[in-house]
Structures are given as structure tokens and as C-alpha cells.
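*Asks:* Provided below are the primary sequence and the corresponding predicted coordinates.
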2 protein chains.
Amino acid sequence: MGEKTEIRHGEKQLDFDPLERVDAEIRFIGRIRTPWSRGNCPKNVTRARETGQGAIVELDLPFVEGLTGLEVGQGILLFYWMDQAHRDLITQRPRHHDSARGTFALRSPNRVNPISLAAVRITSLDQAAGRIGIDAIDCFDGTPLVDIKPSAPAVDVPPK
Amino acid sequence: MGEKTEIRHGEKQLDFDPLERVDAEIRFIGRIRTPWSRGNCPKNVTRARETGQGAIVELDLPFVEGLTGLEVGQGILLFYWMDQAHRDLITQRPRHHDSARGTFALRSPNRVNPISLAAVRITSLDQAAGRIGIDAIDCFDGTPLVDIKPSAPAVDVPPK
């Protein structure tokens, strides 16, 4: 799926490999099928939505019972793994920022644990096949899926 | 930190160990210090907030540059690891539901990849010490931290 992005001026890498110590293990539960690759991927989910192109979550068959109770029209959170990320970038300079910021002050895919989050809506659901249609997402085709949770706006946004 | 919760009637475990295949590795970046243990932990972040008790995120020192740009008053998302979870529960019956639901239709800590999400507000920040005060959270003291992202309400809630 192509190479990692280059390191930009003003960005800083950790002076150690964060995976010199492994604390927990992830099992991917499926993949996200999208129209996007490095050349044409929208910059965020809002822009992805503007294209009118949906996407499909393909849950691996051993896990499909876990979808019981989800419904078309429902909002869900997808947690997915940015498998092309730099895991050792601790400050970064996105193209739309003048100066570098810390990784934990950015939504960049490059982070120690490259888990991304998208809030989407279910447009179709075939539980037996493990196929969930969603309105839009801004990740590359084939991105590994880590978790699905029902969206809960009252707790997914900080209080005023 | 105590034992895992029991399996309830109507709940179902996978007939395989999801970690028979490991796809990705997590490095914990710190711990969350809270007033809560199994006996007194609020059931959700809203109830935790009602207690008026805050909490402290302790980021490991090698990662503190990653906080550059975060500010007191800002909303952040914390991703943390439920290290006492059952990873093989595929349907579950929470006490407030009549019937079992799929793990991916629930916010239960028990899931294949036990990552929880909390949206909180920064109440104090000592970057050099890696200490972030937050308004409230509903996890046990010592819970491992996986990621911090700035909250972005426009994308963290699905569109209508």
C-alpha cells in the first residue's frame, strides 16, 4: 500500500523505538473497504462525506455475532489501525500549521499507537456476511479494523 | 487489581482465543490516576462527573513533548486499555438490558480489543512532568493510557 510519508522540517522523532516494550496486543477484526488510496484520499471525514461515496466495513466472520442489536440508521464509532503510520514522531507540522505541535495535540495518523477514530452512520447491514455499509470514511482501502462501538454523543464530546 | 467479572446467563464466548493471531502491538504511554477501584467506580463518565472528583493523566516522561500545543480548558479524547476485560465475549447482557446484545452494539469494556474512550476537559497541565488534570473519568486507578487526541465534536459525532 505504498510508503510512509516523509519527515518534515521541524518534526521530531523519539530517540528510542516505542516498541522496545510491548504492553498489549491487538487482533484485527476486519477491514474497511473504501474508494480511497494515497493519491485520492479525502483529508478528513467531512470531505469524504462531501464526495457522496460510502464505504463498507467487512467484519471477519468469526466476529459477526458481535453485531447483534446494531441497526441501519444508527451512529457508530469505528476504531481502525493506521498501519502506514510513523510511530516515533513526537512533534509534527501538518501542512496547514505554521509550527510544529505535539502528536497528542493533533489528529494525525502518525502516533505511538496509530488508532484512528471515525463517527459514521450505518446505511446497510448484512450481519451474516459481516458487511456494514457506512455513509463515509477517509481511510485507505483495506485499512484494518480494531473495534466498533455505538456512538453516544452525550459522552463522546466533552462537557462545556 | 482484582478479578475479571463473571460471565452472565445469555452471554456467549468465542470458541477460539482471538489472540491466537496477533496483528499489532500497543505501547502504553502512561497511566490514569483516579479515586476509583472495583468497589466504588461510577458506572459512566457522567456519573463520575457528578461526584465532582477529577483525575490525573500521568504521561510517561519520554512522551511529554507530544503534549505541545494542548491547553487548559481544551477538550481531549483519552484512549485507554481495559486490562481486566474478557476479550472473548461476543454477546453480553448488561444489567440494564433484558436480552443479550453483540459486543459491538455495546460500550462494555469487554471486547476483542479492550480500548475505551473518554471525552474530558483539561483542568491543569504540567507538560514537563507529564501531568494533565482532567474533570472526570470512570476508570479504575492505574488504568493504562494508549492515546490522547484533541476532541473535535464536528467529526466525533455522526452527522444527522
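*Replies:* Now that the structure is in, tell me what you want to look at. Numbers count the residues shown, from 1 in each chain, chains lettered A, B, ... in the order given.

*Asks:* Name the residues of the helix ranked longest in chain A that come out as buried.
*Replies:* Identified as the longest helix of chain A according to DSSP state H is helix A:45-50. For helix A:45-50, the neighbour count (16 or more other C-beta atoms under 10 Å in any protein chain shown) marks A:45, A:48-49 as buried. Where you see a C-beta, it was placed from the backbone N, CA and C, and this is true even at glycine.

*Asks:* Also within reach of chain B: list those from these.
*Replies:* A:45, A:49 (C-beta under 8 Å from any C-beta of the partner chain).

*Asks:* can you list the buried residues of helix A:45-50 in JSON lines and add pLDDT?
*Replies:* Converted to JSON lines, these look like this (pLDDT from 0 to 100):
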{"residue": "A:45", "pLDDT": "89"}
{"residue": "A:48", "pLDDT": "93"}
{"residue": "A:49", "pLDDT": "92"}
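
*Asks:* which one of the buried residues of helix A:45-50 is nearest residue B:132?
*Replies:* residue A:45 (26.3 Å; C-beta to C-beta).

*Asks:* so that closest one sits right up against residue A:135, yeah?
*Replies:* No. Counting by C-beta atoms under 8 Å, residue A:45 stays clear of residue A:135, with 9.2 Å between them.

*Asks:* Give me the common contacts of these two.
*Replies:* Residues touching both residue A:45 and residue A:135 (C-beta atoms under 8 Å, 6 or more residues apart in numbering or on different chains) are residue A:120.

*Asks:* So residue A:104: helix, strand or coil?
*Replies:* Reduced to three states with DSSP: H, G, I helix; E, B strand; the rest coil, the structure at residue A:104 is helix.

*Asks:* now do residue A:58
*Replies:* Under three-state DSSP, residue A:58 falls in the strand class.

*Asks:* helices or strands up against the single longest strand found in chain A?
*Replies:* Of all the segments of type strand in chain A, defined by DSSP state E, the longest one is strand A:115-126. Counting by 3 or more C-beta pairs under 8 Å, 6 or more residues apart in numbering or on different chains; DSSP states H and E, the packing neighbours recorded for strand A:115-126 are helix A:45-50, strand A:75-81, strand A:131-134, strand B:143-150, helix B:153-156.

*Asks:* For the last one, buried residues please.
*Replies:* Translated: helix B:153-156. Neighbour-count burial for helix B:153-156 [16+ other C-beta under 10 Å]: B:155-156.

*Asks:* and it, what's its mean pLDDT?
*Replies:* Throughout helix B:153-156, pLDDT has a mean value of 93.

*Asks:* Give the other helices and strands that it contacts.
*Replies:* helix A:45-50, strand A:115-126.

*Asks:* which residues touch the nearest residue to residue A:155 once chain neighbours are set aside?
*Replies:* Spatial nearest neighbour of residue A:155, excluding adjacent residues (C-beta to C-beta, 6 or more residues apart in numbering or on different chains): residue B:45 at 5.4 Å. By C-beta under 8 Å, 6+ apart, the contact set of residue B:45 is A:155, B:118-120, B:136-138.

*Asks:* export those residues to JSON lines and tack on distance to residue B:53?
*Replies:* Output for these, formatted as JSON lines (distance: C-beta to C-beta, whole Å):
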{"residue": "A:155", "distance to residue B:53": "17"}
{"residue": "B:118", "distance to residue B:53": "14"}
{"residue": "B:119", "distance to residue B:53": "17"}
{"residue": "B:120", "distance to residue B:53": "13"}
{"residue": "B:136", "distance to residue B:53": "7"}
{"residue": "B:137", "distance to residue B:53": "9"}
{"residue": "B:138", "distance to residue B:53": "10"}
